[in-house]
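>>> Fold the following for me, if possible:
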Amino acid sequence: MTQTIIIVLLSAFFLFASSIKIFAWQKFIFETQLGMFIKYGLNRQIMRFVGLLELSGAIAIWFQASWLGALGALAILGTSIGAIGCHLIWDTWKDGLPALITTALSGIIVWSGLHHILGLLGIS
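Next comes the predicted model:
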């Protein structure tokens, strides 16, 4: 039950966040995020790629019975860790709090599906 709640929260958050990065439909949030990406030395294409990675993770995380769910959680974990790093280097730690929360939550899901990831790597 707890795992399902975490998946719903992560999926909703990253579906929303990725849609803004990909489609730029919410002007204020998009411009704020694009400004951050530019400050980090990244461009619009990288922002779109991150959005696609987040979208893929937000969808794949629902398939917890297979390796796809574990990879989805791993994608979210990776983007969250990257966001924490960028915020700690170029911003304040407070800007990184949402990423810290998504790192912790996606880490729980990755841990629960670790056997799928190890199986993909041939490590049982």
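
>>> check which helix or strand covers the closest residue in space to residue 9 that isn't next to it in sequence.
In this structure, residue 9 finds its nearest non-sequential neighbour in residue 105, 6.6 Å apart by CB to CB, 6 or more residues apart in numbering. Every C-beta, even on glycine, is put in place using the N, C-alpha and C of the backbone. If you go by DSSP states H and E, residue 105 is part of helix 97-112.

>>> Quick check: what element follows that helix along the chain?
Under the assignment DSSP H and E, the closest C-terminal helix or strand after helix 97-112 is helix 114-120.

>>> ok now that following helix, how far from the chain's centre?
19 Å (CA atoms, centre = their mean, to the nearest Å).

>>> tell me the mean pLDDT for it?
Averaging pLDDT along helix 114-120 gives 89.

>>> contact partners of that helix?
66, 67, 69, 70, 71, 74, 110, 124 (CB atoms under 8 Å, 6 or more residues apart in numbering).

>>> Restrict those residues to the buried ones and give me that as a PyMOL selection.
A single PyMOL command selects the buried members of those (16 or more other CB atoms under 10 Å):
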select buried, resi 67+69+70+71+74+110
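
>>> can the contacts of helix 114-120 go into TSV with extra columns for pLDDT, secondary structure and distance to residue 29?
Formatted as TSV, those follow (pLDDT from 0 to 100; DSSP: H, G, I helix; E, B strand; the rest coil; distance: CB to CB, whole Å):
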residue	pLDDT	secondary structure	distance to residue 29
66	90	coil	33
67	90	helix	33
69	94	helix	28
70	92	helix	29
71	94	helix	27
74	96	helix	25
110	95	helix	27
124	73	coil	43
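
>>> ok, back up a step: now do the residue nearest to residue 9 against residue 84, distance only.
13 Å (CB to CB, to the nearest Å).

>>> Isn't residue 113 up against residue 65?
No. In this structure residue 113 lies outside contact range of residue 65 using CB atoms under 8 Å: 9.2 Å.

>>> for the residue nearest the centre of the chain, what are its contacts?
Central residue of the chain (CA atoms, centre = their mean): residue 76, 2.9 Å from the mean position. For residue 76, the contact set (CB under 8 Å, 6+ apart) comprises 10, 14, 54, 57, 58, 61, 102, 106, 109.

>>> hmm, try it at 6 Å
10, 57, 106 (CB atoms under 6 Å, 6 or more residues apart in numbering).
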